[in-house]
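> need coordinates for the following:
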Amino acid sequence: MLRKNSIWAGLTLLREGETGIVNGEMCRADSVLGGNLARRSAGHPTEETRVNDMATQVMTEPRGWYDAAQAIQADTVALRRAIHAEPELGLQTPKTLAKVRAALADLPLEWKTGSSTTGAVAELRGALPGRTVLLRGDMDALPMPEDTGLQFRSTVEGAMHACGHDTHTAMLASAARILCARRESLAGTV
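This next block holds a predicted model:
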């Protein structure tokens, strides 16, 4: 059996019937009941592991995922710019978290927050059983002035999102929206 903690996302590079290197081992991607199976072809032809159905959806429906992202691109950009304009430093990012929660308020997510920071976890349970996959990002900014002249430049003296965390956060919010739209066919928890 491939190691339980194998990076199944590596299989998104293989299409049904293709052979390639996954986690340093030669594997073949076979179709199995709408999911994918990684099968070692060298030395252990019968050893196999099922790959999360979410990876299969990304592999077999790339245009659908792309179209879904394109459909909400304006919202993604707007959230990124709102976060960029009000950067927060360190582990205390209440304004950023409030923006993210507002953007995702209509979704079936279970929210968990900590007591020592303003970080949060938003959990989506798929309709089908399966693995748990973590998507994470940082929300904090850097302690430096912004001299870009952008319309959405930092309004906080001495702080800016020069590291891309504003973009990562907005993209994760959009990923949550797209995954929620596919909740009924989602196997596992994100």
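> surely Lys112 is within a helix?
No. Assigned with DSSP: H, G, I helix; E, B strand; the rest coil, Lys112 falls outside any helix and is strand.
> what pairs with it across the strands?
Judged by DSSP bridges, the bridge partners of Lys112 are Val121.
> show me the contacts for Ala173.
By Cβ atoms under 8 Å, 6 or more residues apart in numbering, Ala173 lies in contact with Thr76, Leu79, Val100, Ala103, Leu104. For glycine as for every other residue, the C-beta is placed from the backbone atoms N, C-alpha and C.
> tell me the SS of it?
Ala173 ends up helix, using three-state DSSP.
> with adjacent residues omitted, what lies nearest to it?
Ala103 (5.1 Å; Cβ to Cβ, 6 or more residues apart in numbering).
> gap between the one you found and Ala82?
As judged by Cβ to Cβ, to the nearest Å, Ala103 and Ala82 stand 9 Å apart.
> same check, this time on Ala105
From Ala105 to Ala82 the distance is 15 Å (Cβ to Cβ).
> contact partners for the nearest residue to Thr113 once chain neighbours are set aside?
The shortest distance from Thr113 to any non-neighbouring residue, by Cβ to Cβ, 6+ apart, is to Ala120 (4.8 Å). The contact partners of Ala120, taken as Cβ under 8 Å, 6+ apart, are Leu97, Val100, Arg101, Trp111, Lys112, Thr113, Gly114.
> quick check on the residues you listed: which are buried?
Taking 16 or more other Cβ atoms under 10 Å as the criterion, what is buried in the contacts of Ala120 is Leu97, Val100.
> which of the contacts of Ala120 scores worst on pLDDT?
Lowest pLDDT within the contacts of Ala120 is found at Gly114 (86).
> wait, what's in contact with it?
Counted by Cβ under 8 Å, 6+ apart, Gly114 has contacts Ala120.
> of the contacts of Ala173, select the buried ones using a ChimeraX command.
A single ChimeraX command selects the buried members of those (16+ other Cβ under 10 Å):
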select :76,79,100,103,104
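> of the contacts of Ala173, which belong to helices?
Mapping the contacts of Ala173 onto helices (DSSP state H) picks out Thr76, Leu79, Val100, Ala103.
> thought the last one was touching Asp75?
So the one you mean is Ala103. Yes. The criterion here is Cβ atoms under 8 Å, and Ala103 meets it with Asp75 at 7.3 Å.
> I appreciate the help and will end here.
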